[in-house]
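**Student:** Have a look; sequence and predicted model below, questions after that.
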Amino acid sequence: MPRIEVDTIRCKGCELCVVACPYKVIGMSKKFASTGYYPAVMVKPEKCTGCTLCALVCPDVAIEVYK
Amino acid sequence: MPRIEVDTIRCKGCELCVVACPYKVIGMSKKFASTGYYPAVMVKPEKCTGCTLCALVCPDVAIEVYK
Amino acid sequence: MYQGVIMSGFGGQGIISAGILLAYAGMTDGKYVTFFPAYGAEMRGGTANCSVVISSEEIASPVVAYPDTLVVMNEPSLARFEASVRKGGLLLINSSLVAGKPKRDDVKVQYIQANEIAEKMGTTKIANMVMIGAYSKLTGAISFEGLKKSLQKVFPRARQEIIDLDSEALKKGMEAV
Amino acid sequence: MYQGVIMSGFGGQGIISAGILLAYAGMTDGKYVTFFPAYGAEMRGGTANCSVVISSEEIASPVVAYPDTLVVMNEPSLARFEASVRKGGLLLINSSLVAGKPKRDDVKVQYIQANEIAEKMGTTKIANMVMIGAYSKLTGAISFEGLKKSLQKVFPRARQEIIDLDSEALKKGMEAV
Amino acid sequence: MEKKVFERTKGLTEILMRYCPGCGHGVVHRLVGEVMEELGITNRTIGIAPVGCSVFADEYFNCDMIQPAHGRGPAVATGIKRVRPDCIVFSYQGDGDLASIGMAETIHAAARGERITIIFVNNAIYGMTGGQMAPTTLLGMKSTTTPFGRDPRVAGYPIKVCELLATLEAPAYLARVSVHKPANVLKAKKAIKKAFQVQMNDQGFSLVEILSQCPTDWFVTPLQGIDFVEKMMIPFFPLGEYKTIEGKKETVKPEPKKVLETV
Amino acid sequence: MEKKVFERTKGLTEILMRYCPGCGHGVVHRLVGEVMEELGITNRTIGIAPVGCSVFADEYFNCDMIQPAHGRGPAVATGIKRVRPDCIVFSYQGDGDLASIGMAETIHAAARGERITIIFVNNAIYGMTGGQMAPTTLLGMKSTTTPFGRDPRVAGYPIKVCELLATLEAPAYLARVSVHKPANVLKAKKAIKKAFQVQMNDQGFSLVEILSQCPTDWFVTPLQGIDFVEKMMIPFFPLGEYKTIEGKKETVKPEPKKVLETV
Amino acid sequence: MDEKLLMKGNEALAEGAVRAGCRFFSGYPITPQNEVPEYLSWRLPEVGGTFIQAESEVAAINMLYGASACGARVMTSSSGPGISLKQEGISYISGANLPIFYANVMRGGPGLGNIAPSQGDYFQATRGGGHGDYRVIVYAPNSVSEMGNFPKRCYDLAEKYRIATMVLTDGLLGQMMEPIEFDFEPVDPAKLPEKDWALGNAEGRERRVIRSYDLRPGYLEKMTLKLAEKYKEIEEKEVKFEAVQVEDAEILLVAYGTSSRISKSALMLGRKEGIKIGLLRPITLWPFPSKIISDLSERIKKILTVEMSLGQLVEDVKLAVEGKAKVYLHGRPSGGIPTGEEVLEVIKKIMKS
Amino acid sequence: MDEKLLMKGNEALAEGAVRAGCRFFSGYPITPQNEVPEYLSWRLPEVGGTFIQAESEVAAINMLYGASACGARVMTSSSGPGISLKQEGISYISGANLPIFYANVMRGGPGLGNIAPSQGDYFQATRGGGHGDYRVIVYAPNSVSEMGNFPKRCYDLAEKYRIATMVLTDGLLGQMMEPIEFDFEPVDPAKLPEKDWALGNAEGRERRVIRSYDLRPGYLEKMTLKLAEKYKEIEEKEVKFEAVQVEDAEILLVAYGTSSRISKSALMLGRKEGIKIGLLRPITLWPFPSKIISDLSERIKKILTVEMSLGQLVEDVKLAVEGKAKVYLHGRPSGGIPTGEEVLEVIKKIMKS
Ligand SMILES: Cc1ncc(C[n+]2csc(CCOP(=O)(O)OP(=O)(O)O)c2C)c(N)n1
Ligand SMILES: Cc1ncc(C[n+]2csc(CCOP(=O)(O)OP(=O)(O)O)c2C)c(N)n1
Ligand code: SF4
Ligand code: SF4
Ligand code: SF4
Ligand code: SF4
Ligand code: SF4
Ligand code: SF4
Ligand SMILES: [Mg+2]
Ligand SMILES: [Mg+2]
């Protein structure tokens, strides 16, 4: 199943991936990481197509996509 | 009668006035001035029309025109 | 009376404005004060810290090498500054964000769940005020009145509700210790 | 043997190349030499002058404050440098262009109609060579052979006819005094 | 079997980037890194970090790097490329760096046709120093040195760098792109690749201007930042290619005209 | 009765000009002097001499003058005009001064729309320092630093200043003229006058580029010099107006857009 | 006269300049002095003045050249790299006898260095980083109050002598906050005496020329010898320093700016322990208080220079002392900030030696 | 080894640099050094090197930064105003530990000044006109031969220590002609040892980074302390000077470059009259020959510094002498050139006093 992996050390919680995902797969974690930021998480993992659009806009190269 | 006056202290003998004059009124003196340059002189004074073209191109503002 | 304070945390935790508030309140109380921010090259996400001196005598150096009080707002700050605290000094720790424990046993340590307290009041943004309130209570270096009067000076463009909220947070901080 | 020479005239009279020729010839003769041009900000029409030292011993300062010989190629140069000539020194004047007479009576004065001599040879451009020829004859500081050998070095791109003409002008200068 | 379809490029180091959340610099870095990797030139590329938020780029790009004085990237690139024509040289610069203090160096490197690539990140602001006006700050836009909005009578008009450079002979590739949306990111990558290829083919000077978000100094959230690019920047700074290699002949060295003999 | 129909303008002092025979600077000086006189502004004009052959312009123009660092005329003019908006300010500059070392200052003064007038004398060479290449030196042209002719692979392409500045918003008047023939001199004067008027009318930045002879450093006679302008320079640097005031509206100060509220 | 304000040093500097009559600023952003242009970007328009964010430091200093030539009270500010770029312009301004005021808020160098407080630009400020023989009057404040009050001193001297003046300070003084009181009445520049050399409207007077060159043989030398006379007068009349407990001192600290605050800490700590420490703080770095240091060195045989650099001020101290006392150095370059405790340690070592 | 050539100083400098392995030059025209770029514009291509006429001095020094980072032997040259503009770049190069060679052919300053020979940029050269704590090795030739031979010394030291080196000379030495012999074999830069820090092709090695900054707290200070160690080593090992008839001297002249030639004239004239004059000529201005001057001042109690400036070298002399002898100054600024006779007059006055 297509999926993304968010590197919570790199993610700064900017939400750009959230709006980039055409399938609204991504949301923000309610818990902050050791960095002080709230990282992105998959909220509808089943909808992910592995299209990589989220990764394209991520400024922190925090997303890897698997298919 | 139209005529030009060349300031021999200013004139540097560049001959630009010579070629600018449509009536070939101007030539160059054979004797150098105190500046070391050979100044412009009227060689055909009778042909001068006072058109000021010579004065327009003179880089040293050495020519005055009378009419 | 002389108090050298270092306050340290993430950028964005309001470290700088809390420090300025401390200094302002000290001045309002009639003390000599200096404030010095450590400014980083990064805009955000880095650490921020500042040094405040409050003293009844003229202040020579504004540099606080050995703080009488260290206000710790995040984990890395504890590691960085713990060792520098003066013997017998005070370590004020925001335990909402700082899991680690200090190793020093020759200083007074006080934990405050500043983020939790602030969150209950509506926003974690005022956790810094909670810490300042606690500091004021514990050291007596500055008065609550001084702090309150200074709020409007430090945030001249803030609306009255915000000022009131800050003031409330200061109080909660005082009550927490 | 020590000769400090200043040569001065209009820009365009070949002052600089004449000075270099002097220095080259001195070197060819086995002497120590220095050459120093006074360079102006204007490109043309200004005055040009240079200092040459020819010496049998190593030369300390290349600055010629009090020339043993002054070569005067135009009117303003006489006024400017006359006073500086060393007592008993030589004043070499291109009388074709210099109407004024020197006021000094403690120096040797020699007039040469350099422009006329040069003009007869076809071009006033070699008046500088006439003066150098005269200088060589009068002071013996440099040899004609040295000068002749150096011409090609100083004007590396000149055609043989020009070199020959220069050489002829040097001779005419020697003969003129 | 599961396959990684998007992974971190080897053109970047593993070091965490110190940009603000939502900052466009990170995306641009990734694109340059990927282009280097795809063209197989990472090992023979020398990158130039600016003075600006990307001063740390010397830690992020996985190639030889140098960090010079503010605005002088193109001059440094020139020195490098002339000594190492076998290497690929790029200069990464912000708008203050490139178009304000470095304007002369930019224009002259372009006019000389230096075989270098400039990655020009236009975020309409001085990021690193805290949000002062840049030469690309839009009219009316507030910054810490135009607190009432940029007034052209006081602070002049924003400069369009691609348009300016397009009047020169030597540039072989000039393009303006953005990185605020996935589609734009893809185009931006294409442009960057083309720019590097122009250099590799010895065709001339190349520059890609990238409209980029600076949420921090625009005092907006990252999401508002991409809106700002879309609604405010792009209308003023039109995207597109301003000069392309298509039809661009190799520079021919003309026989030195003997000026004196011609006239 | 005899009448003087051409006399020395009061816009110039009586001092002898130290230019070489046939140098174009002298003509340009006269034109600026005449324009000042005709517009009645000599007394309230502040002129800026360059570093270049015209460094002595501070002795020649009959108005208040200042002589600043090489290339920085537009910055100095900016300082002057902002403090004395009631004065007319012109900066007289050579091509090395304006387009090489002073490129950034030129572009930015133009982009700011400073109410100043630049008299830009393009003689395709560094006159004062002895004939080195200028940013406007033609391809193939010999100079003391391009002894084999300007080779674009080494020394790049000549820069067209009017074309470059015309991409900016703020300039109100940009024109290229020459002074090698009487008819051109007349046109040059018109352009210079217009440029000053644009400033007097507070319409914006103005610059007149004047192709000018440098016989000395071109190693030609004065007569060959005017031929060189005609046959070599004009074909590359087309004469004409590149931006005019016709239809140019007064600059309007836009209401500062409240950026944060728009997005 | 004012209510006490808590101000950042940089803002005090900017406000102080405005109150002293500054009506023209051009500058380029650089940390740690950004508060200066930011403050002036709204403050100057408020008083009818001009704020320009220049395209570069080079442009900024040359804008000053023009603006000050028209008689305005002008200012620019920067930090190390930017001040280096301004050296040519400062040399021109000095040669042209124009009065300007500028500030260097020092950071760690050389090169891009860092943005920590430092004092590595002392040589540049006092020896002229630019070309040729010229001097700049250099004031070194050590408090936010002085940051606010010294611009006035600088403008007055700048116009009195037609010379460039500067405040040499650092990121600590620029960034720190302290209460400040201005010790002078705001200056209305319109009421200053007219400058009989300034460019402007020539109606009814001879035209004026401002330049820094003279190509006629011998003339420039005369011009520079006139500069030298001016410099001599300034060296005689305008030296400023502060002496703290030097009367009974057995060791003398010499330090300026931030270092002098730290040194004073050391002095207070040391005095508590009975060590007789004195402090001589140069307030003007040029003209340098050589005479007082020379005099003190007749009696105090140990002198410790404390500075945030590899050792620059120490040369002026040695030049003043001329071998009469032993001169030591405690220097912390490139962003290193000494502490009072640390300086006291050094003092103790010296006292033992 | 060569036949004797009569060469202009500037051309000797350029040719010397090429023979020493220079393969990259970028510069901007300025009198009185134009012969350097003009010569190199045909000479460098001849040996496969690069000549660039930069758009400005700022660009020129930054091109050097890049070219030297790739390991090339590089050069730039200028005069006062241009060298001032290069100060930021020189500071960066120093902070980044890059080896470069440059020349300042001094003219009269400050400002545009004039184009006469002068020595007013001594402070700028020896104290770092740029920001921060750094030093540049400064060679001061006094003959056309030395103009030709010193670039080689500079390159060798520049690479040995990874430091900026310069020749500080003036318009007189640049414009004058004298016979010259090169005292070294031409260097083939391809045969120089590879630089293990230079940028280029990273195949098979770690990537390399060149920078002059470190923003981590405390790191830059350590970097600069390393610089300081390097500087100390240079001060110990690389001092060069010439001592003329100092053995029996009763008055010591100290002078460099053109002034030292003139001083030697004075010495010779004076010795003829029986005045015991000695001459100490610093060949390196930094590191300065302090020790020998200090030693000589134990015995010679009158020291006269002769320089073409208001008095800059004299400070280094005083710092060396530390009050042990009386130090006098004969300074002619801004294009004034003293003569041997004039210096002798000064000597006589001093001897009488
Ligand atoms: C000579 C010099 N001047 C100024 C600075 C300060 N400075 C550092 S970064 C910067 C501007 C950065 O803006 P930009 O180039 O747009 O890059 P961004 O941070 O926006 O990416 C400035 C002015 C400096 N380091 N050196
Ligand atoms: C900073 C600086 N760099 C270089 C110079 C030397 N310089 C004087 S004039 C000049 C160029 C003049 O050429 P241009 O501007 O074209 O004027 P022109 O003489 O041709 O009229 C140069 C490079 C200088 N004085 N200052
Ligand atoms: S890969 Fe595509 S579908 Fe999956 S999370 Fe990213 S954007 Fe959404
Ligand atoms: S775009 Fe990247 S950094 Fe931003 S929230 Fe998504 S994963 Fe995190
Ligand atoms: S006025 Fe006309 S006709 Fe008379 S000389 Fe001049 S150009 Fe010739
Ligand atoms: S144009 Fe003028 S300077 Fe030239 S020859 Fe004629 S009068 Fe003389
Ligand atoms: S300040 Fe702006 S440009 Fe700089 S890192 Fe933050 S968002 Fe990016
Ligand atoms: S060198 Fe050229 S520009 Fe300069 S005065 Fe001579 S002709 Fe005119
Ligand atoms: Mg930017
Ligand atoms: Mg020119």
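**Tutor:** Nice, thanks for sending it over. Numbering: from 1, shown residues only, chains lettered A, B, ... in the order given. Ligands and ions are numbered 1, 2, ... in the order given.
**Student:** and the residue of the stretch 1-150 of chain G found nearest ligand 9, which of the three is it?
**Tutor:** Residue of the stretch 1-150 of chain G nearest ligand 9, by Cβ to the ion: residue G:29 (10.9 Å). Glycine gets a C-beta too; all of them are placed from N, C-alpha and C. Assigned with DSSP: H, G, I helix; E, B strand; the rest coil, residue G:29 falls in the coil class.
**Student:** Residue G:242 too?
**Tutor:** Under three-state DSSP, residue G:242 comes out as strand.
**Student:** Likewise for residue G:206?
**Tutor:** Residue G:206 ends up coil, using three-state DSSP.
**Student:** residues in chain A within reach of chain C, list them.
**Tutor:** When proximity is defined as Cβ under 8 Å from any Cβ of the partner chain, chain A approaches chain C at A:12, A:34, A:35, A:36, A:37.
**Student:** Relative to residue F:238, how far out is the closest residue to ligand 6 within the stretch 201-350 of chain G?
**Tutor:** Closest to ligand 6 within the stretch 201-350 of chain G is residue G:215: 22.8 Å, counting by Cβ to the nearest ligand atom. For residue G:215, the distance to residue F:238 equals 37 Å [Cβ to Cβ, to the nearest Å].
**Student:** Between those two, which is the more surrounded one?
**Tutor:** Neighbour totals were compared for residue G:215 and residue F:238, and residue G:215 leads with 20 against 11 (other Cβ atoms under 10 Å in any protein chain shown).
**Student:** wait, doesn't the more buried one sit right on residue H:31?
**Tutor:** No. Using Cβ atoms under 8 Å, residue G:215 makes no contact with residue H:31, being 10.5 Å away.
**Student:** start to end distance for stretch C:48-68?
**Tutor:** Its start and end residues considered, stretch C:48-68 measures 19 Å (Cα to Cα, to the nearest Å).
**Student:** the helices in chain C, which residues?
**Tutor:** Using DSSP state H, the helices of chain C run over residues C:15-28, C:75-81, C:114-120, C:127-139, C:144-154, C:160-175.
**Student:** now do chain A
**Tutor:** A:16-20, A:53-57.
**Student:** can I get those in a markdown table with mean neighbour count and distance to residue C:153?
**Tutor:** Converted to a markdown table, the helices of chain A look like this (neighbours: other Cβ atoms under 10 Å in any protein chain shown; distance: least, Cβ to Cβ, whole Å):
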| stretch | mean neighbour count | distance to residue C:153 |
| --- | --- | --- |
| helix A:16-20 | 23 | 38 |
| helix A:53-57 | 25 | 42 |
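**Student:** Around chain E, which positions in chain G sit nearby?
**Tutor:** Within chain G, the residues that sit near chain E (Cβ under 8 Å from any Cβ) are G:28-31, G:34, G:37-38, G:41-42, G:45, G:51-53, G:55-57, G:81, G:111-112.
**Student:** just the buried members of these?
**Tutor:** Taking 16 or more other Cβ atoms under 10 Å in any protein chain shown as the criterion, what is buried in the residues of chain G next to chain E is G:28-31, G:34, G:37-38, G:41, G:51-53, G:55-57, G:81, G:111-112.
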